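In: predicted coordinates and the sequence they were generated for:
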Amino acid sequence: MSNPGHSEIKKFMNGLVKRNPHEPEFHQAVREVVESLMPFVMEHQHYRDAQVLERMTEPDRIVSFRVTWEDDQGCIRVNRAYRVQFNNSIGPYKGGLRFHPTVTQSVLKFLGFEQVLKNSLTGLPMGGAKGGANFNPKGKSDREVMRFCQSLMTELQRHIGEDTDVPAGDIGVGAREISYLFGQYKRLENRFTGILTGKGLAFGGSLVRKEATGYGCIYFCENMLNQCGDSLQGKTVAVSGSGNVALYAIEKAQDLGAKVVSASDSSGSIHDPDGIDPEKLDFLKELKEVHRARIHEYTERYPGASFHAGERPWGIPVDVALPCATQNEISEEDAKRLLDNGVQSVCEGANMPTVLAGAKRFVDAKILYGPAKAVNAGGVAVSGLEQSQNALRLLWSRNEVDTKLQTIMQDIHKKCLEYGRNGDSVNYVTGANIAGFIKVADAMVAYGAV
Ligand code: NDP
């Protein structure tokens with residue numbers, strides 16, 4: 001490796017792995033950041049003297065607790081939940097809750113760490129956190145999900161607050177779960193306050209929050225393409241996932257004239273060579289958001305499309321790839337296939353969807369590779385706008401919120417250019433990491449040894 005901080009990175013990572021054993025996702029997220037940040041930190045002695053990287057990679061606190069609930073058969077069930085409050089140097093903790101059987105402390109630490117830098121990039125005063133539980137909402141009745149959410153909030157309410165920590169949704173936590181969580185918080189506290197974001201419009205939610213991460217991902221992608229005198233118009237796009245981020249990324253990509261040819265879920269992917277048009281997208285939304293059904297049903301309705309069990313869509317030749325499902329869903333082999341097929345841009349709607357070796361291939365190939373912390377920051381940005389509206393007791397129009405979102409994504413793109421320019425190309429990974437780091441690091445240095 002030609003990186004000037006190579007031995008420093010090695011030393012730093014050895015220490016981190018020793019202090020945080022058995023946490024591969026957390027190691028991966030920190031390594032990606034430290035590899036691009038270390039040379040910058042080495043050039044700025046005051047960050048080194050203040051041990052900023054060491055402090056930034058140690059969460060402020062982690063709360064872990066038991067969630068006991070009763071299923072529809074009257075059996076007692078037990079899950080484990082967490083809230084990782086990573087860093088509140090620039091604002092109250094903010095970050096989603098994930099309900100998925102794969103949730104572990106390592107996964108939430110990786111997400112919380114990323115969230116700190118992402119929230120800083122938005123320019124809004126938000127610290128970083130993440131939480132969730134190893135609970136699987138799939139196959140559970142609404143009543144079971146409600147009892148689980150109520151039990152979880154009964155403990156979580158001790159640790160959150162509108163000026164302390166404001167959670168939101170993530171994988172497995174959508175409008176239904178946020179509503180149950182908010183209802184229980186309100187009951188316990190006897191206060192109506194903006195304690196969660198992603199709320200329903202009837203009780204303090206923001207217009208465009210549901211669409212924000214997917215739309216923001218496309219705005220960022222369009223900014224990258226515009227930078228090279230190009231646009232999404234006429235591009236062929238592969239999307240993975242069919243959840244909140246994926247559905248609204250597909251919608252905005254369509255709006256901007258792209259042809260989206262895939263979507264997926266944990267059972268496999270669909271390939272629709274004719275493109276997912278608005279009518280097909282409505283069907284997909286109904287299938288996933290209302291019926292919570294499996295994606296192969298799309299091909300029963302639209303026989304021109306094919307279903308590929310257990311496969312991800314990265315073998316399809318496309319101009320743009322948008323991973324919008326989960327972490328490590330683009331392997332090194334997938335990255336190579338995308339590049340061999342001439343992909344021009346990869347924009348990460350999901351968090352850490354590309355393994356380190358795959359990300360390195362994208363950077364080395366100098367394609368337009370947008371890392372998650374920049375690309376998917378639109379979700380938390382509109383969450384921040386939801387908090388502002390709650391504090392002001394106002395509801396901004398759809399157009400107002402969407403315009404603010406577009407401006408925020410444009411600003412993030414500019415910051416990436418400022419710190420990521422490398423000759424005639426842009427390393428968006430380095431740009432996003434440094435731009436996100438500076439504000440948090442400056443606040444930490446200013447506070448002294450805390
Ligand atoms: P959803 O739960 O709405 O959707 C997740 C999608 O990914 C579903 O299609 C799901 O399939 C699929 N998926 C989940 N786990 C796996 C897996 N292990 N293998 C294959 N497919 C999988 O979540 P979101 O859309 O909210 O989140 C998607 C990603 O975006 C996550 O990485 C999240 O952290 C990130 N993100 C989300 C934000 C938001 O505002 N929601 C903000 C910023 C980032 P199935 O239905 O079969 O489980």
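Out: Perfect, I can see it now.

In: excluding sequence neighbours, find me the nearest residue to Lys235.
Out: Asp319 (4.2 Å; CB to CB, 6 or more residues apart in numbering). Any C-beta I mention is one placed from the backbone N, CA and C, and that applies to glycine too.

In: where is the longest strand in this structure?
Out: For the chain, the longest strand by residue count, based on DSSP state E, is strand 76-87.

In: so which bits of this structure are right by the ligand?
Out: Proximity of the chain to the ligand, by CB under 6 Å from any ligand atom, involves residues 169-172, 174, 213, 241-246, 265-267, 324-326, 349-351, 376, 379.

In: drop anything exposed from those residues.
Out: Among the residues of the chain next to the ligand, those buried by neighbour count (16 or more other CB atoms under 10 Å) are 169-172, 174, 213, 241-246, 265, 324-326, 349-351, 376, 379.

In: and the nearest residue in space to Asn223 that is not next to it in sequence, what does it touch?
Out: Leaving aside its chain neighbours, Asn223 sits nearest to His413 (4.1 Å; criterion: CB to CB, 6+ apart). With contact taken as CB atoms under 8 Å, 6 or more residues apart in numbering, His413 is in contact with Phe220, Asn223, Met224, Gln227, Ala374.

In: tell me the secondary structure for His413?
Out: Here His413 is helix, with the state taken from DSSP: H, G, I helix; E, B strand; the rest coil.

In: Lys288 too?
Out: Of the three states, Lys288 takes helix according to three-state DSSP.

In: pLDDT wise, what is the residue nearest to Asn223 at?
Out: Here the pLDDT value assigned to His413 is 98.

In: buried stuff in stretch 37-56?
Out: Leu37, Met38, Pro39, Phe40, Val41, Tyr47, Ala50, Val52, Leu53, Arg55, Met56.

In: dump these into JSON lines; add pLDDT and secondary structure as well.
Out: Shown next, in JSON lines, are these (pLDDT from 0 to 100; DSSP: H, G, I helix; E, B strand; the rest coil):
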{"residue": "Leu37", "pLDDT": "96", "secondary structure": "helix"}
{"residue": "Met38", "pLDDT": "96", "secondary structure": "helix"}
{"residue": "Pro39", "pLDDT": "94", "secondary structure": "helix"}
{"residue": "Phe40", "pLDDT": "96", "secondary structure": "helix"}
{"residue": "Val41", "pLDDT": "96", "secondary structure": "helix"}
{"residue": "Tyr47", "pLDDT": "97", "secondary structure": "helix"}
{"residue": "Ala50", "pLDDT": "96", "secondary structure": "coil"}
{"residue": "Val52", "pLDDT": "97", "secondary structure": "helix"}
{"residue": "Leu53", "pLDDT": "97", "secondary structure": "helix"}
{"residue": "Arg55", "pLDDT": "97", "secondary structure": "helix"}
{"residue": "Met56", "pLDDT": "98", "secondary structure": "helix"}
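
In: looking at these, spot the one nearest the ligand.
Out: Minimum distance to the ligand across those is 20.0 Å, recorded for Met56 (CB to the nearest ligand atom).

In: what ranges do the helices span in the stretch 251-400 of the chain?
Out: For the stretch 251-400 of the chain, helices defined by DSSP state H, counting those that start in this stretch occupy the ranges 278-285, 297-301, 332-340, 356-364, 372-375, 377-392, 398-420.

In: returning to that earlier point: check contacts around the residue nearest to Lys235.
Out: For Asp319, the contact set (CB under 8 Å, 6+ apart) comprises Lys235, Thr236, Val237, Gly342, Val343, Gln344, Ser345.

In: and with 10 Å instead?
Out: 225, 230, 232, 234-238, 258-259, 341-345 (CB atoms under 10 Å, 6 or more residues apart in numbering).

In: what does Asn87 give?
Out: Shown in contact with Asn87 (CB under 10 Å, 6+ apart): 55-60, 93, 112-113, 115-117, 119-120, 127-129, 440, 443-444.

In: and if you look at Leu181?
Out: With contacts defined as CB under 10 Å, 6+ apart, Leu181 is in contact with 97, 146, 148-150, 152-153, 156-157, 167, 169, 173, 195-196, 198-199.

In: can I have the buried ones of those residues as a ChimeraX selection?
Out: In ChimeraX syntax, the buried subset of the contacts of Leu181 is picked out as below (16+ other CB under 10 Å):
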select :97,146,148,149,150,152,153,156,157,167,169,173,195,196,198,199
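
In: ok and the residue in the stretch 151-300 of the chain nearest the ligand?
Out: Counting by CB to the nearest ligand atom, the stretch 151-300 of the chain gets nearest the ligand through Gly243, at 1.8 Å.

In: can you pull the pLDDT of that residue?
Out: As predicted, Gly243 sits at a pLDDT of 97.

In: that one is in contact with Leu287, isn't it?
Out: No - under the criterion of CB atoms under 10 Å, Gly243 makes no contact with Leu287, lying 11.7 Å away.

In: what is in contact with the two at once?
Out: Contact criterion CB under 10 Å, 6+ apart; residues shared by Gly243 and Leu287: Ala263, Asp265.

In: how many residues are close by Asp340?
Out: Residues lying near Asp340 (other CB atoms under 10 Å) number 10.

In: and it, what's its pLDDT?
Out: Turning to Asp340, the model gives it a pLDDT of 98.

In: what does Met1 give?
Out: pLDDT, Met1: 43.

In: can you pull out the helices in the stretch 1-150 of the chain?
Out: Using DSSP H, counting those that start in this stretch, helices in the stretch 1-150 of the chain cover 6-19, 24-43, 45-49, 52-56, 105-121, 142-156.

In: list the helices and strands the second one packs on?
Out: Contact analysis of helix 24-43 by 3 or more CB pairs under 10 Å, 6 or more residues apart in numbering; DSSP states H and E lists helix 6-19, helix 45-49, helix 52-56, helix 105-121, helix 356-364, helix 372-375, helix 398-420, helix 428-447 as its packing neighbours.

In: repeat for the last one
Out: Using 3+ CB pairs under 10 Å, 6+ apart as the contact criterion, the neighbours of helix 142-156 among helices and strands are strand 61-70, strand 76-87, strand 93-99, strand 128-133, strand 165-168, helix 175-189.

In: let's have these in CSV, adding mean pLDDT and distance to Asp274.
Out: Shown next, in CSV, are the helices and strands packed on helix 142-156 (pLDDT from 0 to 100; distance: least, CB to CB, whole Å):
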stretch, mean pLDDT, distance to Asp274
strand 61-70, 98, 45
strand 76-87, 98, 42
strand 93-99, 98, 34
strand 128-133, 98, 37
strand 165-168, 98, 35
helix 175-189, 98, 31
